[in-house]
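Q: below is the sequence, then the predicted model.
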Amino acid sequence: MISIDNRPIGIFDSGLGGLTVLKTLSEIYPDEHFIYIGDIARLPYGNKSPETVRKYGEQILNYLIKFNVKLAIIACNTASSVFIDETTFNGLPLFNVITPGAQAAFETSKTKRIGVIGTRTTIQGHSYKNTLLKLSPDLFVIEKACPLFVPLAEEGWLHGDVPEMVAESYLKGLRNESVDTLILGCTHYPILDQVIAQVMGPDVNLIESGKVLARILKSHLSDSSKQQGTIKILATDMTQQFQMMAELILGKDKIFNLELINL
Ligand code: DGL
């Protein structure tokens, strides 16, 4: 007998970047219900200490548990980096984006020269690099924190001189090291993928960790009913910009409920 589990899938990020992961998930699994938490009030996580990010993450996971979610996805790379070794939280199955992102980069790279970009906390924690080197100690891995990409993505400033100059300045070192694969190790970077691809050149593969996780999740989901899934977006602060960007990222045709919450 096929077991049906209609409980929602929990997913969280510090802000709106994780909506890129939610979008992919809802496209691949249209009959699943999703509860997304964006911790807008405390964004950014990427320049906070691992201890603080851990505390925020635990609060959010405990909040999701109250919704009886069947699993939780940490879409935020910075938060993923502090939960990297855990597969459950208080009994709830937990998925981070770093492990599948590193695995996909390892499988994609031909030259075994891999670049990783992320927030300061993600890069300083070396979670991608360590995961990659566990897969093969012979890999060449170069890391670079790109903190200004987050406000550019939040502002929707995706094209033109400013993002191009910022991207060139951050990425030229990785390009000069001839990496053939670049991990976009932050929820916000896929929003800037065009300018990143332009600076890195056509021969460099860009890996979106969240998308990789979304694709491999299938094996962890038992069949749900064939009803239309729902999307609930909960945010710790509600700004016009967040609402506008949520529509932009998810697409105008996606129906979702937005709600302000207090953790
Ligand atoms: N969500 C964060 C990440 O993926 C980026 C934004 C932030 O710094 O909070 O690392």
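A: Yep, that arrived.

Q: what's the nearest residue to the residue in the stretch 1-150 of the chain that the ligand sits nearest to if we skip its chain neighbours?
A: The stretch 1-150 of the chain approaches the ligand most closely through G46 (2.7 Å), counting by C-beta to the nearest ligand atom. In short, each C-beta sits where N, CA and C put it, glycine included. Using C-beta to C-beta, 6 or more residues apart in numbering and skipping residues adjacent in sequence, the residue nearest G46 is T119, 2.5 Å away.

Q: how many other residues sit next to the one you found?
A: Neighbourhood size, T119 [other C-beta atoms under 10 Å]: 29.

Q: also H159?
A: The burial count for H159: 12, using other C-beta under 10 Å.

Q: test my guess that it contacts Q194.
A: Yes - under the criterion of C-beta atoms under 8 Å, H159 is in contact with Q194, at a separation of 7.1 Å.

Q: what touches both of the two?
A: Here H159 and Q194 share no contacting residue, scored by C-beta atoms under 8 Å, 6 or more residues apart in numbering.

Q: mind listing what's buried in stretch 117-131?
A: I117, G118, T119, T121, T122, I123, G125, S127, Y128, K129, T131 (16 or more other C-beta atoms under 10 Å).

Q: what comes up buried for the helix or strand bottoming out on mean pLDDT in the chain?
A: Lowest on mean pLDDT, DSSP states H and E among the helices and strands of the chain sits helix 240-250, with a mean of 86. By 16+ other C-beta under 10 Å, the buried positions in helix 240-250 come out as F242, M245, A246, I249, L250.

Q: OK, contacts around the closest residue to the second one other than its chain neighbours?
A: Among residues not flanking M245 along the chain, L16 sits closest, at 5.0 Å (C-beta to C-beta, 6+ apart). With contacts taken as C-beta under 8 Å, 6+ apart, L16 has the following neighbours: G38, I40, E154, F242, M245, A246, I249.

Q: helix, strand, or coil at L16?
A: Under the three-state scheme (DSSP: H, G, I helix; E, B strand; the rest coil), L16 adopts coil.

Q: ok, it to N96 distance?
A: 19 Å (C-beta to C-beta, to the nearest Å).

Q: what does I123 give?
A: On the measure of C-beta to C-beta, I123 and N96 end up 16 Å apart.

Q: perfect, I'm done here.
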